[in-house]
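Enquirer: Any chance you could fold what I've pasted below:
(2 chains)
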Protein chains: 2
Amino acid sequence: MTEIDGRRLRGAASRRVVLANAVDIASVEGLDGLSIGRLATAARVSKSGVATLFGTKERLQLATVEAASQRFRETVLEPARARPRGIRRIVALLDAWIAYSRDRVFPGGCFFNTAVADFDAKPGPVRDAIADALESWNGYLRFSLGYAVELGELDADADAAQLAFEFTALLESANSRSVMTGSNEPYRLARRALVSRLLAVGADLDVLRPLAEHGD
Amino acid sequence: MTEIDGRRLRGAASRRVVLANAVDIASVEGLDGLSIGRLATAARVSKSGVATLFGTKERLQLATVEAASQRFRETVLEPARARPRGIRRIVALLDAWIAYSRDRVFPGGCFFNTAVADFDAKPGPVRDAIADALESWNGYLRFSLGYAVELGELDADADAAQLAFEFTALLESANSRSVMTGSNEPYRLARRALVSRLLAVGADLDVLRPLAEHGD
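Expert: Okay, the predicted model is just below:
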């Protein structure tokens, strides 16, 4: 290994450690409050070290959104992909989302919930990256719902875009209520709403059990 | 009028002007980003003038939450109170909430949506004030739904707490989606969900028309 390779490896490892800190801080304090100085203190590296890794505050924020998306994919999407496509995968996705929020995979609750509120009224590359992450989740949920309709697991007239909007609203609201109050009751309210809405569009009760029978 | 009275009056008027600025800034940039210096620039008063009016950043934030609550009450709650109690008032409340978000009564969309995301993971008096404001809305909606059940306008087994949670989730999500994308489509999705949910618990379609027939 040449010295340059060694420096690159150490750089990549520091970057991962610093970004994990950045994601945790931003989920509590907001992505906008994430400065190079604040992060250097939390990650116990020098300010110039963080500046060398990321350059500008905006590049740091963009890298943080990408690291948060990665953590979300690993926690929510990848486990659900082990389930068969269609209603079973939808149930796994919704259940994994609630567990992701309840278990505070990000210490301040859903990273994106905080990031949206921070940046929704601030046009620019960071807002675009957050909007892309949200649309990626929403699009996957909508696609999965549409697939369940095609399979005949949901009623033929069930509206996938409408359901995806409603489900995301319930999940996000449960997240922010729970972080605010410290209670798990919002997750129970969200589960009840999700189950009842899926039953209303023809889902089989047996398939919904993992969502209905929980230990929140 | 003594000189002291005169000073007090001017103080109260400045306070209102400065607070209106504070609410607008916080709805875009977050309540946490609201500093005495930033506010002095926006309201065209001196930093020491703002400091004299509010003292600390925390007292400024608390006064801003109260001013935002006042604006919300005047825009959403008071007009709905002109409608008869029960389902008609609920429809007026939901319709006024959507108009309040759509018309950007706060330039960055719902003030409380941004404030919750900013403070939900930061215990203290500001978070408590935001939680009180949310609970005041949620409690009023829950009470109104319970009243409609008692009147027989909604099914006897309709769960007011469950419905209040779901309705608030739909409204907040429509707000943040619309602020993020600049589209009014999220309001149409929210209206469809609200109407369908109210029909499912026995509401009369005619009474729901103001919510269903809109010009978003």
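
Enquirer: Now do the strands in chain A.
Expert: Remark: no strands are assigned in chain A by DSSP state E.

Enquirer: which intervals of it have sub-threshold pLDDT?
Expert: A:1-10 (pLDDT under 70).

Enquirer: From the centroid of it, which residue is nearest?
Expert: A:F72 (4.4 Å; C-alpha atoms, centre = their mean).

Enquirer: quick one, helices of chain A?
Expert: Taking DSSP state H as the test, the helices found in chain A are A:3-29, A:36-43, A:47-54, A:57-72, A:78-80, A:87-102, A:111-119, A:125-150, A:160-181, A:185-200, A:205-212.

Enquirer: helices and strands around the third one, which ones?
Expert: In other words, helix A:47-54. helix A:3-29, helix A:36-43, helix A:57-72 (3 or more C-beta pairs under 8 Å, 6 or more residues apart in numbering or on different chains; DSSP states H and E). All C-beta spots, glycine's among them, are computed from the backbone N, C-alpha and C.

Enquirer: and A:Q61, what does it touch?
Expert: A:26, A:31, A:34, A:126 (C-beta atoms under 8 Å, 6 or more residues apart in numbering or on different chains).

Enquirer: Count the residues that sit near the second one.
Expert: If you count neighbours by other C-beta atoms under 10 Å in any protein chain shown, A:L31 ends up with 27.

Enquirer: From chain B, how far out is it?
Expert: The gap separating A:L31 from chain B is 10 Å, by C-beta to the nearest C-beta, to the nearest Å.

Enquirer: residues in contact with that residue?
Expert: A:61, A:64-65, A:114-115, A:118-119, A:126.

Enquirer: 10 Å instead?
Expert: Residues in contact with A:L31 (C-beta atoms under 10 Å, 6 or more residues apart in numbering or on different chains) are A:22-23, A:25, A:60-62, A:64-65, A:68, A:111-112, A:114-119, A:126, A:129-130.

Enquirer: for stretch A:49-67, which positions count as buried?
Expert: Neighbour-count burial for stretch A:49-67, counted by 16 or more other C-beta atoms under 10 Å in any protein chain shown, picks out A:49-50, A:53-54, A:60-65, A:67.

Enquirer: ok, now stretch A:67-79?
Expert: A:67-69, A:71-72, A:75-77.

Enquirer: Would you mind listing the outside residues contacting that stretch?
Expert: Looking at what lies outside stretch A:67-79 - C-beta under 10 Å, 6+ apart - the contacts are A:15-16, A:18-24, A:26-27, A:31, A:81, A:89, A:92-101, A:103, A:105-106, A:110-112, A:114-115, A:129-130, A:132-134, A:136-137, A:140.

Enquirer: Of those, grab the buried ones for ChimeraX.
Expert: Buried residues within those, by 16+ other C-beta under 10 Å, are selected in ChimeraX with:
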select /A:15,18,19,21,22,23,24,26,27,31,89,92,93,94,95,96,97,98,99,100,101,105,106,110,111,112,114,115,129,130,133,134,137,140
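
Enquirer: burial of the closest residue to A:Y187 other than its chain neighbours, as a residue count?
Expert: Leaving aside its chain neighbours, A:Y187 sits nearest to A:D216 (4.3 Å; criterion: C-beta to C-beta, 6 or more residues apart in numbering or on different chains). Applying other C-beta under 10 Å, we find 15 residues neighbouring A:D216.

Enquirer: next one: A:N138
Expert: Neighbours of A:N138 (other C-beta under 10 Å): 16.

Enquirer: Please list all residues in contact with it.
Expert: A:161, A:164-165, A:167-168, B:177 are the contacts of A:N138 under C-beta under 10 Å, 6+ apart.

Enquirer: For the residues you listed, work out which two are farthest apart.
Expert: Farthest apart among the contacts of A:N138 by C-beta to C-beta are A:F167 and B:R177. That separation is 13.2 Å.

Enquirer: Contact partners for A:D24?
Expert: Shown in contact with A:D24 (C-beta under 10 Å, 6+ apart): A:42, A:64, A:68, A:71, A:104, A:106-108, A:111.

Enquirer: and the gap between it and chain B?
Expert: The value you get for A:D24 to chain B, if C-beta to the nearest C-beta is used, is 11 Å.

Enquirer: and what of A:L189?
Expert: For A:L189 relative to chain B (C-beta to the nearest C-beta), the value is 4 Å.

Enquirer: Verify the stated contact: A:A99 with A:Y187.
Expert: Yes: counting by C-beta atoms under 10 Å, A:A99 does reach A:Y187; the two are 9.0 Å apart.

Enquirer: Next, show the common contact partners of these two.
Expert: A:214, A:216.

Enquirer: Near the residue nearest to A:D155 when sequence neighbours are not counted, how many other residues are there?
Expert: Among residues not flanking A:D155 along the chain, A:G202 sits closest, at 3.9 Å (C-beta to C-beta, 6+ apart). Residues contacting A:G202 under the criterion other C-beta under 10 Å number 16.

Enquirer: likewise the one 5 residues further on?
Expert: Residues contacting A:V207 under the criterion other C-beta under 10 Å number 16.

Enquirer: OK, contacts around it?
Expert: A:V207 neighbours (C-beta under 10 Å, 6+ apart): A:86-88, A:90-91, A:148, A:153, A:198.

Enquirer: Quick one: those as a markdown table, columns for distance to A:V207 too.
Expert: Formatted as a markdown table, the contacts of A:V207 follow (distance: C-beta to C-beta, whole Å):
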| residue | distance to A:V207 |
| --- | --- |
| A:G86 | 9 |
| A:I87 | 5 |
| A:R88 | 6 |
| A:I90 | 9 |
| A:V91 | 6 |
| A:A148 | 10 |
| A:E153 | 8 |
| A:L198 | 9 |
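
Enquirer: can you redo those as CSV with neighbour count and distance to A:L211?
Expert: Below are these laid out as CSV (neighbours: other C-beta atoms under 10 Å in any protein chain shown; distance: C-beta to C-beta, whole Å):
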residue, neighbour count, distance to A:L211
A:G86, 19, 14
A:I87, 23, 10
A:R88, 17, 11
A:I90, 28, 9
A:V91, 23, 5
A:A148, 27, 14
A:E153, 21, 14
A:L198, 27, 8
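
Enquirer: which of these lies closest to chain B?
Expert: Closest approach between the contacts of A:V207 and chain B, by C-beta to the nearest C-beta: A:L198, at 13.4 Å.

Enquirer: In space, what's closest to the closest one - neighbours in sequence excluded?
Expert: According to C-beta to C-beta, 6+ apart, the nearest residue to A:L198 is A:L208 (5.9 Å).

Enquirer: Nice, that's everything, thank you.
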